[in-house]
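>>> okay, structure incoming, though there's no sequence with it:
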Ligand code: SAM
């Protein structure tokens with residue numbers, strides 16, 4: 001059964017405020033105290049961020065463009081966006097993540113540079129996000145959503161976006177589906193949260209249903225990191 005009731009979100013929030021926070025802060029950081037797998041995930045994730053920045057800037061400069069980074073983590077994307085002059089709202093369900101993202105942003109951004117504005121950081125789940133943004137980005141968050149909840153989550157993010165929505169997710173192909181099932185036969189202590197894979201067709205259907213179409217696609221794979229990136233625009 002995919003559905004586990006309303007408990008999933010609380011588990012995810014708790015995880016990303018505690019052990020998950022420590023783990024992912026390390027992976028998304030630059031320190032040397034990471035193992036081989038973590039280093040590989042760090043590399044893969046940084047490629048996803050690069051691909052997103054390229055997709056966005058290919059369409060024109062980001063100066064003054066409003067961007068919502070939903071599930072911002074430690075700010076890996078919010079910071080380069082702000083550095084390009086985007087007006088960023090960055091939110092996350094984990095207060096620890098948001099505090100870390102703000103700390104990183106204050107440390108890394110040249111706030112004296114013209115057009116560079118500190119992102120607006122807020123704690124909250126993405127379902128409670130309101131307002132309108134030119135661009136909405138949500139990276140590597142769908143992994144916490146079963147398909148039954150993913151449709152609603154995608155529809156909500158699309159409703160906040162005026163021009164584009166970028167989503168990345170772990171692709172559900174036969175091979176990874178099998179790996180994931182094997183993982184479920186051997187649930188180790190590190191398996192603190194459930195991971196949900198999504199098929200590109202399911203994500204595309206969810207977007208189409210609310211009047212959006214996929215314009216660009218990208219894929220990042222390293223040994224231990226797989227992420228499909230899609231950019232959607234209104235039909
Ligand atoms: N997007 C960031 C990045 O790519 O650097 C972080 C990705 S991390 C794997 C997943 C993040 O999603 C965590 O920071 C977690 O707290 C957040 N998250 C999970 N479920 C969420 C929800 N329902 N609303 C907002 N954030 C959520």
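Cool, got the structure. Worth saying up front: this structure is predicted, and the values here are computed from it rather than measured.

>>> show me what from this protein comes close to the ligand.
Within the chain, the positions adjacent to the ligand are 9, 12, 16, 24, 28, 71-73, 76-77, 92-94, 97, 125-126, 139-141, 144 by Cβ under 6 Å from any ligand atom. No exception for glycine: its C-beta is placed from N, CA and C like everyone else's.

>>> now do the SS call for residue 68.
Following DSSP: H, G, I helix; E, B strand; the rest coil, the label given to residue 68 is strand.

>>> separation between it and residue 119?
Going from residue 68 to residue 119 by Cβ to Cβ, to the nearest Å gives 10 Å.

>>> hang on, the earlier thing: helices - which of the residues of the chain next to the ligand land there?
Among these, the ones falling in helices (DSSP state H) are 9, 12, 16, 24, 97.

>>> farthest-separated two in these?
Using Cβ to Cβ, these span at most 17.1 Å, a distance reached by 9 and 24.

>>> okay, the two: which has more neighbours?
Higher neighbour count among residue 9 and residue 24: residue 24, with 23 against 14, using other Cβ atoms under 10 Å.

>>> just checking, that one touches residue 17?
No - the criterion here is Cβ atoms under 8 Å, and residue 24 misses it with residue 17 at 11.2 Å.

>>> quick revisit: which neighbours do residue 68 and residue 119 share?
Taking Cβ atoms under 8 Å, 6 or more residues apart in numbering as the contact criterion, the common neighbours of residue 68 and residue 119 are 88-90.

>>> and which of those is nearest to the ligand?
residue 90 (9.1 Å; Cβ to the nearest ligand atom).

>>> pretty sure that closest one is in a helix, no?
No - remark: residue 90 does not belong to a helix; assigned using three-state DSSP, it is strand.

>>> pLDDT wise, what is it at?
On the pLDDT scale, residue 90 is placed at 98.

>>> so, low pLDDT: which residues of this protein?
Judged by pLDDT under 70, the chain has its weakly predicted residues at 1-7, 184-193.

>>> center of it - which residue?
By Cα atoms, centre = their mean, the mean C-alpha position of the chain lies nearest to residue 139, the distance being 1.8 Å.

>>> I figured that one hits residue 49, correct?
Yes - assessed by Cβ under 8 Å, residue 139 is found in contact with residue 49 at 7.4 Å.

>>> quick check: neighbours shared by the two?
Residues touching both residue 139 and residue 49 by Cβ under 8 Å, 6+ apart: residue 77.

>>> contacting residues for the residue in the chain that the ligand sits nearest to?
Nearest residue of the chain to the ligand (Cβ to the nearest ligand atom) works out as residue 73 at 2.5 Å. Residues in contact with residue 73 (Cβ under 8 Å, 6+ apart) are 24, 28, 92, 97, 101, 139-140.

>>> can you do 7 Å?
Neighbouring residues of residue 73 by Cβ atoms under 7 Å, 6 or more residues apart in numbering: 24, 28, 92, 97, 101.

>>> tell me how many other residues crowd the nearest residue to residue 12 once chain neighbours are set aside.
Nearest residue to residue 12, sequence neighbours excluded (Cβ to Cβ, 6 or more residues apart in numbering): residue 144, at 4.9 Å. Using other Cβ under 10 Å, residue 144 has 22 other residues around it.
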